[in-house]
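Chemist: Next input, structure requested:
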Amino acid sequence: MNVQEPLFVVEGLSKKINEDFSLRELSLSLYPGSVHVLVGENGSGKTKFLHLLCGIERPDSGSMRFCNRPYAPRDITDARKAGILFIGQDVQLFENLSVAENLFFDNYPRTLLGAIDIPRMIQQARRLLKELSIDLDVNVPVRKLGYAQRQLLAAARSCVKAWKLVAFDEPSAALAEPERAILFTIIKRLTQQGTSVLYVSHRIDEICRIGDYVSIIRQGRLIDTRSRGTVNESVLVHLLTGKIFTERYPRYKQGRGAPLLEVQNLSCGALLKNISFTVHVGEILGITGLMGSGRTLLAHCLVGDVPGSSGRLLLSGQEVHFSSPEEALQYGVALIPEDRNENAILHHQDLTLNMTIAALPQYQTVTGLHNATLYKNIKKYAERIGLRSIKPEDIPDTYSGGNQQKVTLARWIAKRARIYIMDEPTRGIDVSSKVDIYNVMADIAAKGGAIILFSSDLEEILGMCDRILILTEGRMIGPIPKEEASQEMILRLATSGT
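Modeler: Numbering: from 1, shown residues only. Below you'll find the model as predicted:
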């Protein structure tokens, strides 16, 4: 196929999502061997657009052509048969199957008699993961993998067979820099084979780094498409939001106060050993590390969500023992988990319950819930977190991934905890909304609260945190004062430990 001839042409695609929002007259061309990045604020329609292209939903009007033929998939199976692979934000893997079985699912190597050739599958899985520098045991069941490991495994599946188009929806949102480098290696491998890549992202740095073309979607419309070399960070932010941000990370004046939470010799499972640190009143303490370093495990250990842990926790000088996140919350320690889909969003429940369930006793009266106060506070906290155009009866399942994350954050902010343990709080969130969340974090610290921020985004860690701890192979390095830290230092310590 001629390199200048589009592989995929979308013309005038429209879809009514709900009473308040529609995708309108979207037109786009994708070329073989190129990376086309799609960017937009949360709720702008990026994921819905991918769903239309990949057969998950069907458009109301418009047309698509794929490989010079009319294309109208009835479902995702039709799209796969045509040669299109969709890798979503919440990756769909089989929990009880091994890494190798997931990698080759739908494409197993077979014996002459038609049975799955397990030895060959394991051999091929090991070879492919080694080529991609992905350090995973191919025999381990997927249920034992962390979120970032699952994301890389899902991305690696795109290399098992020859796809014509691979659509990625926020694949790097929870990946640290070394894992992002692996993802970009996978994408380069795909494009070198002539595969077209459609890539949804909020991370401004990588948009300019990997995109051959960039399209901006705002409020359901594609407003601009630009080629490599014609965009930079400030141009993108302005096109995305219509705003100009002079400073992404807020400054707050609260000095570090007395110790609020002291962690002494915490050990958990086979990975975390003798972890000790202190977070103070008015402090944002950052914890970062590579995939598999134990970040998420530590976050859950701190609130008693992992059985068998040992060590001491002191809250304002008093020893405490948490047997569950619910008990931790009673002491004012709130965990905002990484995997919102699995651990945070109440599926099929309305916005009212999702945003207030942690604080419902505050609205309880003798005769029931004080609905007027409840609805007033829903509006207040939604505005504070930058969640706009919402209704109390909305079902957050229909929201974009970024807006689901905002719902989760608003829930715990409404609870008014003393310590917030935030695990990847801005994963999948657009630039403008990140600033909203950073302002909330700064406000919590300025008012005497404390935040333990677990993040793989080094810019975020350096921009928001007073001190930084680095996890490497289950042990802790630091703390490093913000003024002394750099991305290069953190990566060196995370990879070599010295």
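Chemist: which non-adjacent residue is nearest the most centrally placed residue in the chain?
Modeler: Centroid-nearest residue in the chain, with Cα atoms, centre = their mean: residue 427, separated by 3.4 Å. Excluding its sequence neighbours, the residue lying closest to residue 427 (Cβ to Cβ, 6 or more residues apart in numbering) is residue 173, at 4.2 Å. Every residue, glycine included, has its C-beta placed from N, CA and C.
Chemist: Which parts of the stretch 301-450 of the chain are helices?
Modeler: Remark: helices assigned in the stretch 301-450 of the chain by DSSP state H, counting those that start in this stretch are 325-330, 340-343, 351-356, 371-385, 401-415, 431-446.
Chemist: May I have the residues that are in contact with the nearest residue to residue 375 once chain neighbours are set aside?
Modeler: Excluding its sequence neighbours, the residue lying closest to residue 375 (Cβ to Cβ, 6+ apart) is residue 392, at 5.7 Å. Residues near residue 392 by Cβ atoms under 8 Å, 6 or more residues apart in numbering: 350, 351, 352, 375, 378.
Chemist: and of those, the nearest to residue 200?
Modeler: residue 351 (24.1 Å; Cβ to Cβ).
Chemist: who's in contact with that closest one?
Modeler: Going by Cβ under 8 Å, 6+ apart, residue 351 touches 378, 390, 391, 392, 393, 394, 395, 396, 407.
Chemist: next helix or strand past the helix or strand hosting residue 152?
Modeler: According to DSSP states H and E, residue 152 maps onto helix 147-156. Using DSSP H and E, the next helix or strand after helix 147-156 towards the C-terminus is strand 165-169.
Chemist: Just the residues contacting that following strand, thanks.
Modeler: 7-8, 30, 46-47, 50, 53-54, 66, 83-89, 155, 158, 187, 190, 195-200.
Chemist: Quick one: residues contacting residue 149.
Modeler: When contacts are counted by Cβ under 8 Å, 6+ apart, residue 149 touches 136, 291, 292.
Chemist: I misspoke; the intended subject was residue 104.
Modeler: By Cβ under 8 Å, 6+ apart, the contact list for residue 104 reads 121, 124, 125, 160.
Chemist: burial count for residue 491?
Modeler: Residues near residue 491, counting by other Cβ atoms under 10 Å, number 17.
Chemist: Let me see the contact set for the nearest residue to it once chain neighbours are set aside.
Modeler: Distance criterion Cβ to Cβ, 6+ apart; nearest residue to residue 491, sequence neighbours excluded, is residue 177 at 6.1 Å. Residue 177 sits next to 456, 458, 487, 491 when contact means Cβ under 8 Å, 6+ apart.
Chemist: and those residues, which are buried?
Modeler: 456, 458, 491 (16 or more other Cβ atoms under 10 Å).
Chemist: Go ahead and confirm the first one touches residue 425.
Modeler: No: assessed by Cβ atoms under 8 Å, residue 456 is found out of contact with residue 425, at 11.7 Å.
Chemist: Skipping adjacent residues, who's closest to residue 250 in space?
Modeler: Of all residues not flanking residue 250 in the chain, residue 442 sits nearest, at 4.3 Å (Cβ to Cβ, 6+ apart).
Chemist: List the beta-bridge partners for residue 200.
Modeler: On the basis of DSSP bridges, residue 200 is bridged to residue 38, residue 169.
Chemist: Count the neighbours of it for me.
Modeler: Neighbours of residue 200 using other Cβ under 10 Å come to 23.
Chemist: For residue 88, see how far away it is.
Modeler: 10 Å (Cβ to Cβ, to the nearest Å).
Chemist: that older thread, A strand includes the residue nearest to residue 427, no?
Modeler: No: counting by DSSP: H, G, I helix; E, B strand; the rest coil, residue 173 is located in no strand; its state is coil.
Chemist: and residue 404, how far is that from residue 346?
Modeler: Taken as Cβ to Cβ, the span from residue 404 to residue 346 is 11 Å.
Chemist: Identify the contacts common to these two.
Modeler: Common contact partners of residue 404 and residue 346 (Cβ under 8 Å, 6+ apart): residue 396.
Chemist: of those two, who's got more company?
Modeler: Legend: neighbour count by other Cβ under 10 Å for residue 404 and residue 346, higher for residue 404 (23 against 17).
Chemist: wait, that one sits on residue 396?
Modeler: Yes: Residue 404 is within contact range of residue 396, at 5.4 Å (criterion: Cβ under 8 Å).
Chemist: what is in contact with those two at once?
Modeler: What both residue 404 and residue 396 touch, as defined by Cβ under 8 Å, 6+ apart, is the set residue 345.
Chemist: so where's the stretch 301-450 of the chain shaky on pLDDT?
Modeler: Low-confidence segments of the stretch 301-450 of the chain (pLDDT under 70): 308, 339-344, 358-371, 389, 401-402.
Chemist: Could you count how many residues lie near the residue nearest to residue 250?
Modeler: By the criterion of other Cβ under 10 Å, residue 442 has 19 neighbours.
Chemist: now residue 96
Modeler: For residue 96, using other Cβ under 10 Å, the count is 8.
Chemist: Just to be sure, it is in a strand?
Modeler: No: Residue 96: not assigned to a strand; according to three-state DSSP it is coil.
Chemist: Please look at it and residue 143 and confirm they touch.
Modeler: Yes: in this structure residue 96 lies within contact range of residue 143 using Cβ under 8 Å: 6.5 Å.
Chemist: quick one: common contacting residues for residue 200 and residue 88?
Modeler: Common contacts of residue 200 and residue 88 (Cβ under 8 Å, 6+ apart): 47, 169.
Chemist: now, among the contacts of residue 392, which is nearest to residue 257?
Modeler: Distance to residue 257, by Cβ to Cβ, is smallest for residue 378 among the contacts of residue 392, at 31.2 Å.
Chemist: how far away is the closest one from residue 407?
Modeler: For residue 378 relative to residue 407 (Cβ to Cβ), the value is 10 Å.
Chemist: Mind listing the shared neighbours of these two?
Modeler: In contact with both residue 378 and residue 407: 351, 355, using Cβ under 8 Å, 6+ apart.
Chemist: tell me the secondary structure for residue 265?
Modeler: Assignment for residue 265 (three-state DSSP): strand.
Chemist: Report the contact partners of it.
Modeler: By Cβ under 8 Å, 6+ apart, the contact set of residue 265 is 274, 275, 276, 310, 311, 312.
Chemist: Report pLDDT for the nearest residue to residue 111 once chain neighbours are set aside.
Modeler: With Cβ to Cβ, 6+ apart as the criterion, residue 111 has its nearest non-adjacent residue at 4.8 Å, and that residue is residue 117. pLDDT for residue 117: 88.
Chemist: What of the one 4 residues further on?
Modeler: pLDDT recorded at residue 121 is 91.
Chemist: wait, what's in contact with it?
Modeler: 100, 101, 104, 108, 109.
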